[in-house]
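Asks: got a structure for you, letters missing:
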């Protein structure tokens, strides 16, 4: 009988400093894959242990979010700091910038930070501390749940973005870019439609356009939308110069479908977790398998 491989988090003593964590679990350094036509694999992690696991498995983009707080739940500021430190410790070549591994951070829903009746809500600690992390962050994401019936919701969205960016020097060498998030299950999320979010993304000059699911129960992305609808949206997004990304409890069985879409990034968490439980731990072996499945699905694309 073959014994299961021990989980990564079970091998790590409590309180192990980030530096020792990275040293104890080196990365998978096989980075010579020629996958220019294959979408990048984004893996969502909730702490530094998972961040190292995702890097070890070979993710292309590291995404920070707390799954217990919803589709785009924000991590604590200290967690973001620890993950970025873990990445920094992997970059030993002074010529190579931190962007060698792009990082995105989920910041929650616009509604959780928007001005209501003229009174700004208290923002989570990550909002007030986010600027110190900008040097290592490529993308920021805000969700649109609950905005469907809010008059002029686009202006609220822009105002919340500004709350994050206020005080950040506009002439700095690096500044993260915004990714607009549309929910395929907009009816469930009480969100604007995917097309409405796309139009707002173009108007606001976002760098990317992500289609995800708000609900994370039994239904998945293609239970809420069709390939034709996604293809139309992503074709328009690419024409507008946006990066396109897709997520929503995707599994390897979905990857062949994605070959018909102009998609740049495929996002996962559930499929990269032990036991397929999004609240479980990130498994490096599953990320290796996901990359192999993407390679197989997109093999021969030209």
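Replies: Now that the structure is in, tell me what you want to look at. Just so it is clear, the structure is predicted and the values come from calculations on it, not from any experiment.
Asks: got a list of what residue 218 touches?
Replies: By Cβ atoms under 8 Å, 6 or more residues apart in numbering, no residues touch residue 218. All C-beta atoms are positioned from the backbone trio N, CA, C, and that covers glycine.
Asks: let me know the secondary structure of it.
Replies: Classification of residue 218 by DSSP: H, G, I helix; E, B strand; the rest coil places it in coil.
Asks: pLDDT wise, what is it at?
Replies: For residue 218, the pLDDT comes out at 80.
Asks: so it versus residue 73, what's the distance?
Replies: Using Cβ to Cβ, to the nearest Å, residue 218 is found at 19 Å from residue 73.
Asks: try residue 111
Replies: Here residue 111 is placed at a distance of 13 Å from residue 73 (Cβ to Cβ).
Asks: cool, residue 289 as well?
Replies: 26 Å.
Asks: cool, and residue 272?
Replies: 17 Å.
Asks: comparing those two, which residue is more hemmed in?
Replies: Neighbour totals were compared for residue 272 and residue 73, and residue 272 leads with 29 against 20 (other Cβ atoms under 10 Å).
Asks: centre of the chain to stretch 230-245, how far?
Replies: 17 Å (Cα atoms, centre = their mean, to the nearest Å).
Asks: buried residues, it. List them.
Replies: Residues of stretch 230-245 classed as buried: 230, 233-234, 236-238, 242-245 (neighbour count, 16 or more other Cβ atoms under 10 Å).
Asks: ok, residues contacting that stretch?
Replies: Stretch 230-245 has contacts (Cβ under 8 Å, 6+ apart) with 42, 179, 182, 194-195, 198, 201-202, 206-211, 246, 260-267.
Asks: residue 214 falls within a strand, correct?
Replies: No - Residue 214 is assigned coil when assessed by three-state DSSP, not a strand.
Asks: quick check: closest non-adjacent residue to it.
Replies: residue 189 (3.6 Å; Cβ to Cβ, 6 or more residues apart in numbering).
Asks: ok, now residue 252?
Replies: Counting by Cβ to Cβ, 6+ apart, residue 252 lies nearest to residue 293, which is 3.7 Å off, once chain neighbours are set aside.
Asks: ok so, going back, which of the contacts of stretch 230-245 count as buried?
Replies: For the contacts of stretch 230-245, a burial check counting by 16+ other Cβ under 10 Å picks out 42, 179, 182, 194, 198, 201-202, 206-211, 246, 261-267.
Asks: where in this structure is pLDDT low?
Replies: Within the chain, the ranges that satisfy pLDDT under 70 run 1-36, 90-100, 114-136, 165-174, 300-302.
Asks: quick check, central residue of it?
Replies: Centroid-nearest residue in the chain: residue 63, 4.0 Å away (criterion: Cα atoms, centre = their mean).
Asks: does that one belong to a helix or a strand, and which?
Replies: Using DSSP states H and E, residue 63 falls within strand 61-64.
Asks: who are the packing partners of the helix or strand just after that strand?
Replies: The first helix or strand that comes after strand 61-64 along the chain, using DSSP H and E, is helix 77-90. The contact analysis (3 or more Cβ pairs under 8 Å, 6 or more residues apart in numbering; DSSP states H and E) places helix 77-90 against helix 18-24, helix 48-57, strand 61-64, strand 103-109, helix 125-129.
Asks: quick one: the longest one to chain centroid distance?
Replies: Centroid displacement of helix 48-57 relative to its chain, using Cα atoms, centre = their mean, is 14 Å.
Asks: now the angle from that helix to strand 103-109?
Replies: Relative orientation of helix 48-57 and strand 103-109, computed by axes from the mean of the first three to the mean of the last three Cα atoms, to 10 degrees: 140 degrees.
Asks: show me what helix 48-57 is packed against.
Replies: The helices and strands touching helix 48-57, judged by 3+ Cβ pairs under 8 Å, 6+ apart, are helix 18-24, strand 40-45, strand 61-64, helix 77-90, helix 284-298.
Asks: so which of the ones you listed gets nearest residue 157?
Replies: strand 61-64 (20.0 Å; Cβ to Cβ).
Asks: before we move on, what SS does residue 148 have?
Replies: For residue 148, the assignment made with three-state DSSP gives coil.
Asks: let me see the backbone angles for it.
Replies: Dihedral angles of residue 148 (phi, psi; degrees, to the nearest 10) stand at phi -50, psi -40.
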